[in-house]
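Participant: need the 3D shape of this:
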Amino acid sequence: MALGIPVVTTSKGAEGLDVQNSVHLLIADESVKFAEAVEELITNKDLYASLSVNGRQLVEKYYDWAKIMPKFLDIVEKVGQRKNLS
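Facilitator: Residues are numbered from 1 along each chain as shown. Just a heads-up that it's a prediction; the model follows:
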């Protein structure tokens, strides 16, 4: 999604991400459904385009390094402080 390429994944692959099926990516857990989702992307240019744009916008809004790094560093600092107290 960060590259602006539509994604097909499983429920497990999307776990923990604030995504919506058919809005940001396609989710398919069975092999036949997964193949059908890939085929749909190949044949449906509008779906390809919308998932590309929506997925990229989601990444920029919530998962860009500039946004997540301060949160990550804060967590690391808190864990470090706890270890120093022990």
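Participant: what helix or strand is the residue minimising distance to the centre of the chain located in?
Facilitator: With distances taken as C-alpha atoms, centre = their mean, Leu17 lies nearest the centre of the chain, 5.4 Å away. For Leu17, there is no enclosing helix or strand under DSSP states H and E.
Participant: quick one: residues contacting it.
Facilitator: Applying C-beta atoms under 8 Å, 6 or more residues apart in numbering, we find Leu17 in contact with Tyr63. Yep, even glycine has a C-beta here, placed from its N, CA and C like the rest.
Participant: 6 Å - rerun?
Facilitator: For Leu17, no residue meets the contact criterion (C-beta atoms under 6 Å, 6 or more residues apart in numbering).
Participant: from here on, call the first residue 14.
Facilitator: Renumbered: residue one is now 14, and that last one reads Leu30.
Participant: ok, it to Tyr76 distance?
Facilitator: Leu30 is 8 Å from Tyr76, where distance means C-beta to C-beta, to the nearest Å.
Participant: got the CA coordinates for the helix or strand hosting Gln94 in PDB?
Facilitator: Per DSSP H and E, Gln94 falls inside helix 78-98. Only the C-alpha atoms of helix 78-98 are listed here, as PDB (Å, rounded to 0.1, in the frame of the first residue of the first chain):
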ATOM      1  CA  TRP A  78       7.500   6.600   9.700                       C
ATOM      2  CA  ALA A  79       7.300  10.300  10.600                       C
ATOM      3  CA  LYS A  80       4.000   9.500  12.400                       C
ATOM      4  CA  ILE A  81       4.900   6.200  14.100                       C
ATOM      5  CA  MET A  82       8.500   6.800  15.000                       C
ATOM      6  CA  PRO A  83       7.800   9.300  17.900                       C
ATOM      7  CA  LYS A  84       5.300   6.800  19.300                       C
ATOM      8  CA  PHE A  85       7.800   4.000  19.000                       C
ATOM      9  CA  LEU A  86      10.600   6.000  20.600                       C
ATOM     10  CA  ASP A  87       8.200   6.900  23.500                       C
ATOM     11  CA  ILE A  88       7.500   3.200  24.100                       C
ATOM     12  CA  VAL A  89      11.200   2.300  24.000                       C
ATOM     13  CA  GLU A  90      11.900   5.100  26.500                       C
ATOM     14  CA  LYS A  91       9.200   3.900  28.900                       C
ATOM     15  CA  VAL A  92      10.400   0.300  28.700                       C
ATOM     16  CA  GLY A  93      14.000   1.500  29.300                       C
ATOM     17  CA  GLN A  94      12.900   3.500  32.400                       C
ATOM     18  CA  ARG A  95      11.100   0.500  33.800                       C
ATOM     19  CA  LYS A  96      14.200  -1.700  33.400                       C
ATOM     20  CA  ASN A  97      16.300   1.000  35.200                       C
ATOM     21  CA  LEU A  98      13.800   0.900  38.100                       C
END
